[in-house]
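Asks: one predicted model, sequence on top.
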Amino acid sequence: MPELQIDGNIIHYEEHGEAGSPPLVLVHGLYGESAGLAPLAQRFARRFRVIAPDALGHGLSSHPAEFGIEDQGRVLAGLIAALGYPKAAILGISMGSYLAAQAAILEPARVSALVLVVPKAHGRTSSTAAYAARKGFDLTTATPEETTAFLAEVLWSPHTSQARREEILAAQLAAQRVVLTPEERATIDRSLRGFDLRPGLATIAAPTLVVSGRADGLNPPEAGQEVARGIPGARFEVYEHSGHQLASEETDRLVEDVEAFLQGRGPSARLPEAGAARERGHG
Ligand SMILES: O=C(O)CCC(=O)CC(=O)O
């Protein structure tokens, strides 16, 4: 499994699709990892070279004792560079959208386009921690099964059938390679405390598509709209049948919308010299 050293940390990533296709970095959500996005990555792989990293503190990447979303943003930009691309599109889901936007703010030259799915611009904590605190649920000690079952209420829209919920849950749990310890979960929670993208949003030059789910109980459409309003020229879509987790037919729509949105943005050719470095990185 490929990995690279970025800013002194090991970053594990998966790749899907043809090596010569335009690059698309796919970033997972809170407590997630790249493997959980494999079904989506494979769909984007028809048109893109999909690079799906495990973010810092997640999956098989390094688990530093402390980090923040600025570190995560730099890692995403560093990964694009280390793979030999001058720039790449980034699609982030939920927490992944915070990290993607942060990368575009800190390293604008590395980001050709942004797709922010169920984002928010700021928070005293993660939306999940805020929700859990309201309900008196301890996220740090709960098992992945307990957490997902607990979050089902806000993750899925009323349109998502019970069968579909169980299917998604089973796939997510099956894709989990690393079960986070309570300390690791607490570190991830701390990494999102007090984050505020608002001052940087106006500096984002990359063409941006923002997608919210109408029934999202974690990051509602108003949160997505705030993000879209802050980014010059951003396009904002609300998917009517989705919650925080996109409905299956609206996952199809996301793939189509993103393909259409990114089409014509210009593939980012790989730099020859950095491409050589990449081969070494694989070794
Ligand atoms: O709690 C947050 O702020 C982000 C939640 C998240 O990333 C959940 C997910 O979609 O994996």
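Replies: Looks like it arrived, so ask away. Please read all numbers here as calculations on a predicted model, not as lab measurements.

Asks: residues from the stretch 51-200 of the chain in reach of the ligand?
Replies: Residues of the stretch 51-200 of the chain lying close to the ligand (Cβ under 6 Å from any ligand atom) are 93, 94, 95, 126, 127, 128. Using the backbone N, CA and C atoms, a C-beta is placed for each residue, glycine as well.

Asks: three-state assignment of residue 204?
Replies: coil (DSSP: H, G, I helix; E, B strand; the rest coil).

Asks: so residue 115 sits in a helix?
Replies: No: assessed with three-state DSSP, residue 115 is strand; it does not lie in a helix.

Asks: check contacts around it.
Replies: Going by Cβ atoms under 8 Å, 6 or more residues apart in numbering, residue 115 touches 89, 90, 91, 92, 100, 208, 209, 211, 258, 261, 262.

Asks: export those to a markdown table and tack on secondary structure and neighbour count?
Replies: Formatted as a markdown table, the contacts of residue 115 follow (DSSP: H, G, I helix; E, B strand; the rest coil; neighbours: other Cβ atoms under 10 Å):
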| residue | secondary structure | neighbour count |
| --- | --- | --- |
| 89 | strand | 27 |
| 90 | strand | 31 |
| 91 | strand | 29 |
| 92 | strand | 28 |
| 100 | helix | 29 |
| 208 | strand | 26 |
| 209 | strand | 23 |
| 211 | strand | 27 |
| 258 | helix | 23 |
| 261 | helix | 19 |
| 262 | helix | 22 |
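
Asks: quick one: contacts for residue 220?
Replies: Per Cβ under 8 Å, 6+ apart, neighbours of residue 220: residue 212.

Asks: could you do residue 191 as well?
Replies: Neighbours of residue 191 in contact, by Cβ under 8 Å, 6+ apart: 56, 57, 66, 67, 68, 69, 71, 72.

Asks: check residue 71 too.
Replies: With Cβ under 8 Å, 6+ apart, residue 71 has these contacts: 7, 56, 64, 191.
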